[in-house]
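> pasted the sequence and its predicted model underneath.
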Amino acid sequence: MSRLPANLRARVPRFAPPPPAAPKVKVPADGTAGWFSRIPTDQKVAFITIDDGWVKHPLALRLLEAADVPVTLFLEVDAIRSDPQYFAELQSAGATIENHTISHPNLKGRSYAAQKHEICGGADQLATHFGRRPVLFRPPFGSHDHTTLRASHDCGMKAAFFWKETTNKGKVRFQEGSAVKPGDIILMHFRDRFPDDFLAVLQAVHRAGLTPARLEDYLP
């Protein structure tokens, strides 16, 4: 943690390790991807997800290294194109890179072909950049329809994800109650106030008595 400025280092909570065994969720067998805003589990875990990639804050890597917790990055190809190495370093620090389309359109209501182009294309290009093809998907704005889940499945995505909490300008906003619950998926973005947002999420998870876990570990 020595590389992180002291004022931020003091705000990083310490967590117990996540449970060693992750019961796998069930995904549909009907040719569609699963859809989750919370992972159905009694384990005391929550899931940190970070979207887009337009703002490349210089302290993000240091924060991930200091926190030493798993995070899932749902990256938009257009957003990361200018500096994929930035995200490769986050991947090397333990982040898992997943799919958030090529250009961030609202997919709901679009044709199967149009949705498949964005979803498959996003996965294929991210695989070229980072050496692993994503298997999870977040639709832009969380907006989707049945076609989205069918195209996601056909593009090799096991599941697509919404969220239970959002974070912006250092504040966590809750859909239900005032605390993170076991299995909750938390949404943040690569924004100018990334340190405040990331620390707010860590503190909310810690206050709830939970530990960040890797979302991918709960999928079959």
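The structure has been received and is ready for your questions.
> show me the shaky parts of this protein.
Applying pLDDT under 70 to the chain flags the ranges 1-2.
> longest strand in the protein, please.
For the chain, the longest strand by residue count, based on DSSP state E, is strand 45-52.
> which strands or helices does that strand pack on?
Other helices and strands packing on strand 45-52, by 3 or more Cβ pairs under 8 Å, 6 or more residues apart in numbering; DSSP states H and E, are strand 72-75, strand 185-189, helix 194-207, strand 211-212. Glycine gets a C-beta too; all of them are placed from N, C-alpha and C.
> which one, of these, ends up nearest to Gly177?
Taking Cβ to Cβ, helix 194-207 is the member of those nearest to Gly177, at 11.7 Å.
> show me what contacts Arg132?
Ile97 (Cβ atoms under 8 Å, 6 or more residues apart in numbering).
> Glu89 too?
Leu61.
> that one - that's part of a helix, no?
Yes. The assignment for Glu89 by DSSP: H, G, I helix; E, B strand; the rest coil puts it in a helix.
> quick check, central residue of the chain?
Thr49 (2.4 Å; Cα atoms, centre = their mean).
> residue contacts, the closest residue to that residue other than its chain neighbours?
In space, and not counting its chain neighbours, Thr49 is closest to Thr72: 4.7 Å by Cβ to Cβ, 6 or more residues apart in numbering. Counting by Cβ under 8 Å, 6+ apart, Thr72 touches 47-50, 95-96, 98, 136, 214-216.
> same question, Val201
Per Cβ under 8 Å, 6+ apart, neighbours of Val201: 48, 165, 167, 172, 186, 188.
> what do you get if the cut-off is 10 Å, keeping everything else the same?
Residues counted as contacts of Val201 (Cβ atoms under 10 Å, 6 or more residues apart in numbering) are 46, 48-50, 67, 69, 71, 165-167, 170, 172, 180, 186-188, 212.
> only whichever of those are buried, select them in ChimeraX.
Per 16 or more other Cβ atoms under 10 Å, the buried members of those correspond to this ChimeraX selection:
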select :46,48,49,50,67,69,71,165,166,167,172,180,186,187,188,212
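> may I see the helices and strands packed on strand 45-52 organised as CSV, with distance to Met157 added?
Below are the helices and strands packed on strand 45-52 laid out as CSV (distance: least, Cβ to Cβ, whole Å):
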stretch, distance to Met157
strand 72-75, 11
strand 185-189, 15
helix 194-207, 24
strand 211-212, 22
